[in-house]
Structures are given as C-alpha cells and as structure tokens.
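> fold the stuff below for me.
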Amino acid sequence: MAWQVDPSEDRDWLRRARENQARLTAGLQPRYDVIVCGAGASGSVVARRLAENPDVQVLLVEAGGSDDAETVLDPAQWPANLGSERDWGFQAQPNRHLNGRSLSMSMGKGLGGGSSVNVMVWARGHRSDWDFFASAAGDPAWSYEAVLELYREIENWQGAPDPRFRGTSGPVWVQPAADPSPIAHAMLDAAEELGIPTFAHPNGLMMEGDGGAALADMLVRDSRRHSLFRAYVRPWLDRPNLTVATDTVLRRVVIHDRRAIGVELVRHGQVQTIGARVEVVLSLGAIQTPKILMHSGIGDLKELGRFAIPVVQHLPGVGRNFQDHVSFGCTWEYREPIAPRNSGSEATLYWKSRPGLDAPDLLFCQVEFPVPSERTAALGVPAHGWTMFAGLAHPESRGRLRLQSADPGAPLAIDANMMSEPADMATAKTCVELCRALGNARAFRPFVRGEAMPGDLKGEALESYIRDAAVTYWHQSGTARMGRDELSVVDGALKVHGIEALRVADGSIMPRVTTGNTQAPCAIIGEIAARKIRAAHGL
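Residues are numbered from 1 along each chain as shown. Here you go, the predicted structure:
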C-alpha cells in the first residue's frame, strides 16, 4: 500500500499507520470477529464503526489497491480513472432499446470504491426515497426523519450554517463547490428564468419538495478528494484491531448450517479461507454482491442449477431489480474557452417531468466539458463546450444480472435493460426539452455560441437521439433489495433472508435508486448496517 501525506495528517501518525498495517497484513489471522468485504462507500463506514470498539477485530477486504494516486486525489482528474485499473470495467449486454448499444458499467475498484473515482457529489436523496425505504423494510430506522439525523451526525459541513439540516462535527467533510465557474452560476440563473427555485445548498429544503437548483455539495478538502475511505477508515489505520487487506479478491462466502462462518478469497495468488466469529458483511456493490451471493449458493434455484451450484437458500430476487440513472447529454459550444473548475461538475438541478408527481423524477448535473456518447460524438463535438448531463432520477425500467459460469472468476452477464419501459421514453423527451430550455436561456448567452446537440428534434428523430445518447450515471443499485416480499433479498436490518450472520450493506439493497448521486445514501446504508450489527451482538 502506497502512502502520501494528507494535509490533515502528521508524519508520526503516518509512520505508525504504515507500520501497523504492514504488521497486520503480513499474515492474516485465521479468524476475525467481522469480515467486511469491499472498502467502498458503505464498507468503509461499516468497518470504521465496528472498529471503534477496540475489542472487535475487523478485517476489511478490498479487491483493488491503494487510493494514493493523483488521478484519485486531484478532483479534476476523475475521468482518468474510467477504464483504468481502478475501474472494474463491467460492460452491459447489447440493448435493443438503445439501438443495440452496449454501455460501459464502470465501478470503482480500490480503497474508497466508487467514492475514489466518482465526481465527488454529495447528494442525500429525496425525503420520499427514505420514506419509501422505511415502508419497504417495515422499519422506521430508514425513514427520512431518522436518516436526516444521521446525516447531521456524520457531516462536517463547511458552508453557511444551517443547523436544521447540516451537521458540523462528523467525519465527512462536505463543502460547497469552491469558486465555481461562471457557467455554474448561469445554470442557477437559467433555472430561475424558467420558474425553478434555487437554494443555498442541495441537501436541505430543496429535497423535501418539488426540487430546485443549487451549487453542488462536494467531498473535497484542501483541494483534494476526501473519499469515504479517507473520511472513515484512513484515520483508523493505526489501530491494532482494524486490518485492511488490499489486492484480495473474494470468491464466495463459506456457509455451514445456514450460517456464514467465513469467506474464501484469493490473496497473493493463493486461495485461502478466513473465518468470521460474528458476521460477514458484503459491501461489494450492485454487481459484485449478487455475484458473490450466487456463487455462495444464495439465489434463484433455477439460475444456480444451470451451473450445478448447490442451493443453500432460494432467493429469486438476487440479481433482479437492476437500476441505474440514465442520462441523455445535451451540449453547447462556448463563445470563448472556459476551463473547468473543481471536478468540472458544480451545479445540479432536480425537477418534475409533470406537475402531479410527489417528488422530482429528473436529475441534472452540469458538466463543464463535452460528454457525448460514442454515437453522439459522431455528430460533431465542439472543442470547447459544456454538457447538461441530465436524465431519469426514477427510471421504471429494470434489468437483471445472470451467471455465465460456476467459476467465481468469470464475469456476470449484465442485462441493464435501460429504456425498456415506454414511460421512460416519455420522461426522457421531457428531460431533453427542459435541458434545451435551460441551455438556451438568456443567462447563458454571454458564455455560449450556440447549441451543439441535439437541436430541435421531434418525434422519431428525438427518440433515436435519446437512444443513441443514453449513458449511465454509474449509480447501479437494487440487485439485492431490502424488503419483505418473495423477491427481496435482505430485511430491514440488512440480514440476508434465511441465512444467519450474513448482511449486505451497499447500493444493491436499495428498493429503488435514490433521487440523485448514490454516494451519500451508501454512507447511510453503512451507518445503519453498523448500528444493526452492534445492537444485535452488544458490540
């Protein structure tokens, strides 16, 4: 594991932490109290919260490597991580609803997971999301009011004081976009032109009603990415009860008499089994978590039977309910080049496609450089321009993940199935119309030469553009969803139905994808998981 000095760290601590982890990982113990699999946005939270009890031995397993790289730590370089060794590089199957296209499904691989490669946006989700979770789980711990209290507890908010909504003493450094681009301010002015309200920040009153526009909240500290791994786990690396094993790939959960008793993993080229005295927690994300469940004998018996995997627990919902936000980029050319600032995405907007909805169903992130799809790039992309990266906050289409082999090293087949529901196309058309109205508003005229794409398309031409322009927000979720029906995978405490000592804590448990970027909700999932584990075992 490489080590760089963080501005908030001293060199003596850094030395202690480095020596401690070298000692702990030189030879893994045969058993730990809790094994957390995946050091991403949720797993980092679970591992830290459990390790706060010095009597609990925690092993945090991560398939990727260190986060000490400029492409991770420099907010402006995040696109360089896509397609790199820090990206799992998943690829969806060709989709006839996207004119036969196969979308890239990037997911973070390494310490921090997605929170080390994403755009650093901190978006809590809408009030309706959390109340929906609480209803699905039958557990008020997931309600908006309960989650709002958690957000206040975990935030270290650096913006204007707002004690009703923001906390200032937690581990997660959250700040407004610093010295934002003039086009970010133009975005807010354009929203007001269209009668869309603007707010001082996007994580308070704005997400309790119809939506609105605001400068984005970001996980950036001292001009460096402050991932959830850095917020939660890194300050704890000098503790003797937290072992962080990188470059360690999980193969399956070991289950005996319907109880998780350990994990089988590959480390330094060797397969080994590590026991868990208390619990195993899967925090691998919405693609890898259901894959591990299926290779562990948990899933649809017909799916497992195709590859002669012994069935431990029939849960037909494993791998179903795949969701992701889908975007349709609209692009404008600058009059004069304007360099991106911060992460290059500093303004955000949520709004309704029709008045009767109880919450926003459209998601807009302004990106300060062109972001075409591989198809729309052929239409001609300006050398200097910006994109309204806008799409469906609550798509109705659902996909499915399927095994292709009994070999845990073989990839899944990802049928993302985006835009398969006709209602999504109707909403997408409204989305593009609103994009064009915003980008062509008076507020942008001092900065914009003209609209590059799509232009004033109608009917089938607009539908074809939408299918060609569609790309993912990389907010994969829902494939091991929380609930009480036959297609749910975990209960309100995130315990896998029918299996003792096994929980899931990541975006796969979402009954539906939250309104906005999923990083902040995944932190809440980790917080609730840790609290449930501590309460269950008196830790």
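
> local confidence estimate at the closest residue to residue 443 other than its chain neighbours?
Nearest residue to residue 443, sequence neighbours excluded (Cβ to Cβ, 6 or more residues apart in numbering): residue 189, at 3.6 Å. Using the backbone N, CA and C atoms, a C-beta is placed for each residue, glycine as well. According to the model's per-residue confidence, residue 189 sits at a pLDDT of 98.

> renumber starting at 18 from here on
All right, first residue 18 from here; so that's residue 206.

> number of nearby residues for residue 206?
Burial of residue 206, expressed as a neighbour count using other Cβ atoms under 10 Å, amounts to 14.

> ok but it is inside a helix, no?
Yes. Assigned with DSSP: H, G, I helix; E, B strand; the rest coil, residue 206 falls within a helix.

> can you show me the strands along the stretch 218-367 of the chain?
Here the stretch 218-367 of the chain has its strands, by DSSP state E, counting those that start in this stretch, at 229-232, 234-235, 237-238, 241-242, 259-262, 265-273, 276-284, 287-299, 315-316, 330-331, 343-345, 347-351, 364-368.

> residue 522 is in contact with residue 549, correct?
No. Proximity of residue 549 to residue 522 does not meet the contact threshold set by Cβ atoms under 8 Å, at 9.1 Å.

> neighbour count: those two, which is higher?
More crowded of residue 549 and residue 522, by other Cβ under 10 Å: residue 522, with 31 against 21.

> who are the contact partners of the residue nearest to that one when sequence neighbours are not counted?
Nearest-residue entry for residue 522: residue 546, 3.6 Å, with adjacent residues in sequence omitted and distances by Cβ to Cβ, 6+ apart. Neighbour list for residue 546: 59, 62, 63, 298, 511, 520, 522 [criterion: Cβ atoms under 8 Å, 6 or more residues apart in numbering].

> tell me the SS of residue 546?
Classification of residue 546 into helix, strand or coil gives helix, according to three-state DSSP.

> circling back to that earlier point, list the residues that contact both of residue 549 and residue 522?
When contacts are counted by Cβ under 8 Å, 6+ apart, the set common to residue 549 and residue 522 consists of residue 511.

> quick one: distance of stretch 115-123 to the chain centre.
What separates the centre of stretch 115-123 from the centre of its chain is 19 Å, taken as Cα atoms, centre = their mean, to the nearest Å.

> nope, stretch 195-203 is what I meant
Worked out by Cα atoms, centre = their mean, stretch 195-203 lies 25 Å from the chain centre.

> just stretch 78-91 next, same as before
For stretch 78-91, the gap between its own C-alpha mean and the chain's C-alpha mean amounts to 16 Å (Cα atoms, centre = their mean).

> how about stretch 29-49?
Centroid separation between stretch 29-49 and its chain, computed with Cα atoms, centre = their mean, is 28 Å.

> list the buried ones in it?
By 16 or more other Cβ atoms under 10 Å, the buried positions in stretch 29-49 come out as 31, 34, 37, 38, 41, 42, 45, 48, 49.

> what domains does the record give for the chain?
In terms of domains, the chain is parsed into 45-76+264-339+495-554, 106-127+140-183+190-241+340-489 (source: automatic domain parsing).
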